[in-house]
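J.: mind folding the following:
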Amino acid sequence: MTHFSTDADLLKWEPALMREIVLDHQCLTQGDGASSQTFSVVATGGLFVTSKVRAGHVVHLRNADQGVDGYYEVLSVESETELMAGLVGGRGDEWVPLPTATDLEFHIQTFDPQHEEARWALLARFGLETDASNQSGDLARWIAEHRSLRRPSVALVLATLYRGQAAGGPEASGLARKAEHYARMYEDEVAKARLVLDRDADGLPDDVRTLASHRLRRD
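T.: The predicted structure is shown next:
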């Protein structure tokens, strides 16, 4: 199932997110003794394939003695023991490589459950859960460009995460303000979103959907 946003997308808006919110039950894999060089992270006990690590996830690498403590976007998983990663936000040939280091602690947690909830909420918001005779069908495949829902998905996931962490503690008020900010951003982004639908996968747009209209593009 393809989500409309990734963990790496979240860090583009909130670089400290994974320091602020740690969900142990959503940890995919962790360990020590890893090494990094250029774009490669090698960890004997990584279990990257088994743990379902994939592009868009974020790996935390740390070795205080070597001055490494950062979060890096997973680009691909090569094997159980190796993945490729780079500085969050890179593109194409512009990826910034990893620091060269050894004996690294590594940790990969994910917000995939929150991305999935945002996905279904957005499909429902645009009426795409009722457009087929099989209402359990996944109509995200009709959306020609998933990127059109990236920003609203990011905003909804961040609002959900911060709202869940704002129940108490000394930082509750600051987290609550962030939750409110991203909830407003979500509504703004949803209102601006314009979905081009290709229902029969022929590469031609069938119609355009916004919150306010459902306009026929071709017969």
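
J.: how far away is the residue nearest to the spatial centre of the chain from C27?
T.: For the chain, the residue sitting closest to the mean C-alpha position, by Cα atoms, centre = their mean, is T6 at 1.4 Å. From T6 over to C27 the distance is 17 Å, taken as Cβ to Cβ, to the nearest Å. C-betas here are computed from N, CA, C, even on glycine.

J.: do L204 as well
T.: Spatial separation of L204 from C27 under the definition Cβ to Cβ is 43 Å.

J.: with L98 instead?
T.: 21 Å.

J.: got it, and L161?
T.: L161 sits 15 Å away from C27 when distances are taken as Cβ to Cβ.

J.: cool, A121 as well?
T.: 24 Å.

J.: quick check: next helix or strand after the lengthiest helix in the chain?
T.: Counting by DSSP state H, the longest helix found in the chain is helix 172-192. Going down the chain from helix 172-192, the next helix or strand is strand 195-197, by DSSP states H and E.

J.: grab the nearest non-local neighbour of D69.
T.: Nearest non-adjacent residue to D69, counting by Cβ to Cβ, 6 or more residues apart in numbering: R62, 4.8 Å away.

J.: direction included, what does the helix or strand that contains that neighbour pair up with?
T.: If you go by DSSP H and E, R62 is part of strand 58-63. Note on strand 58-63: by DSSP bridges, its sheet partners are strand 68-77 (antiparallel), strand 101-109 (antiparallel).

J.: those into a markdown table, with extra columns for mean neighbour count, mean pLDDT and distance to M185?
T.: As requested, the strands paired with strand 58-63 are exported to a markdown table (neighbours: other Cβ atoms under 10 Å; pLDDT from 0 to 100; distance: least, Cβ to Cβ, whole Å):
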| stretch | mean neighbour count | mean pLDDT | distance to M185 |
| --- | --- | --- | --- |
| strand 68-77 | 19 | 97 | 22 |
| strand 101-109 | 19 | 98 | 23 |
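
J.: leaving out sequence neighbours, find the closest residue to A172.
T.: A166 (5.0 Å).

J.: how deep is that neighbour tucked in, by neighbour count?
T.: Counted with other Cβ atoms under 10 Å, residues neighbouring A166 total 18.

J.: and the gap between F126 and T210?
T.: 8 Å.

J.: quick check: bridge partners of F106?
T.: Beta-bridge partners for F106, by DSSP bridges, are G31, L61.

J.: I'd assumed L28 was in contact with it.
T.: No. Contact criterion Cβ atoms under 8 Å: F106 and L28 do not qualify, at 10.7 Å.

J.: what is the neighbour count of the closest residue to L149 other than its chain neighbours?
T.: Of all residues not flanking L149 in the chain, F4 sits nearest, at 4.1 Å (Cβ to Cβ, 6+ apart). Residues lying near F4 (other Cβ under 10 Å) number 24.

J.: many thanks, we can stop here.
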